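Here is my input; please provide its structure:
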Amino acid sequence: MIRIVLFDVDGVLANGEPFSKRLARDYEITLDMTAPFFQGPFTACLTGNADLKQELASYLHQWGWPHSVDAFADYWFSSEHAIDEPLVNLVQRLRQQGTRCYLATNQERYRTEYILTHMGFAAKFDGMFSSAHVGHTKHTTAFFEHVLRELGDVQPQEVLFWDDTPAIVATARQAGLHAEVYHNFADFEEKMLLWFHRTDPGDALT
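This next block holds a predicted model:
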């Protein structure tokens, strides 16, 4: 029996234009320019071991960003503020039926707060497991082991996790969770019917 469902954010609950594309189009700051940051200091930000705004400061000057660090963060977070409303609405129906639903995501702490407050997910989910607070990313079983400890009296096989990255789904399965690759809303809805052993779609998700 599935008692808890975990959801990734980017590529699942939020599906907008990649920030990198918008940044290159609007400011001619390309992926080649930003790669040293995202492959370097940003990884420490994701596990709460570095502060995003402090790490960004020197890079923004190199990139030719004309505004402040705070303005860059606001531009970044707002550009990825593209909520999949049908999916979030379905989450609310699951919660009404007694299934607890949580966010499980790789985020640094400023965007973690943005997701909860500005995107309104604090009121839409039962909680959030962010790598910045967990201290591990979802690429490690330690992340999911932490989640299971925090959830308390729940068995791994009672938890279903959705993510758009197959490698992360595989890691969740190694930790004992059920996990599925998220492709699109229609595929998700169909698979959820199977997971909850429903024969009538209207009985489970409406």
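
Quick check: buried residues in the helix or strand in which A170 is found?
A170 is part of helix 166-174, with elements assigned from DSSP states H and E. Neighbour-count burial for helix 166-174, with 16 or more other Cβ atoms under 10 Å as criterion, is recorded at 168-169, 171-173. Where you see a C-beta, it was placed from the backbone N, CA and C, and this is true even at glycine.

do the same with stretch 123-135
Within stretch 123-135, the residues that qualify as buried by neighbour count (16+ other Cβ under 10 Å) are 124-125, 127-132, 134.

Can you lay out those as CSV showing secondary structure, distance to L52 and pLDDT?
As requested, these are arranged in CSV below (DSSP: H, G, I helix; E, B strand; the rest coil; distance: Cβ to Cβ, whole Å; pLDDT from 0 to 100):
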residue, secondary structure, distance to L52, pLDDT
K124, helix, 24, 98
F125, coil, 23, 98
G127, strand, 22, 98
M128, strand, 17, 98
F129, strand, 19, 98
S130, strand, 13, 98
S131, helix, 13, 98
A132, helix, 9, 98
V134, helix, 16, 98
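
Wasn't L6 part of a helix?
No. In this structure, L6 is strand, not part of a helix, as judged by DSSP: H, G, I helix; E, B strand; the rest coil.

T30 versus that one, what's the distance?
Distance, L6 to T30, using Cβ to Cβ, to the nearest Å: 34 Å.

between these two, which one's more packed in?
Neighbour tally, L6 and T30, criterion other Cβ atoms under 10 Å: the higher count belongs to L6, 26 against 13.

Where do the strands of this structure begin and end?
4-7, 100-105, 127-130, 159-163, 178-181 (DSSP state E).

May I see these organised as CSV, with distance to V91 added?
Supplementary listing: the strands of the chain in CSV, determined by distance: least, Cβ to Cβ, whole Å:
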stretch, distance to V91
strand 4-7, 7
strand 100-105, 5
strand 127-130, 13
strand 159-163, 10
strand 178-181, 15
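
what's the closest of the ones you listed to R22?
Between R22 and the strands of the chain, the shortest gap by Cβ to Cβ is with strand 100-105, which sits at 20.2 Å.

okay, that closest one in CSV with CA atoms only?
Output for strand 100-105, consisting of C-alpha atoms alone and laid out as CSV, is shown next (Å, rounded to 0.1, in the frame of the first residue of the first chain):
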residue,chain,number,x,y,z
ARG,A,100,0.7,12.4,2.3
CYS,A,101,2.6,14.2,-0.5
TYR,A,102,6.1,15.7,-0.1
LEU,A,103,8.6,17.6,-2.2
ALA,A,104,11.9,15.8,-2.7
THR,A,105,14.4,18.0,-4.6
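
And for it, what's in contact with it?
The list of residues contacting strand 100-105 from outside it, by Cβ atoms under 8 Å, 6 or more residues apart in numbering, reads 3-10, 13, 91, 94-95, 112, 115, 121, 125-131, 138, 143, 147, 161, 163.

measure F19 to A50 for me?
Using Cβ to Cβ, one obtains 19 Å as the distance from F19 to A50.

That concludes my questions; thank you for your assistance.
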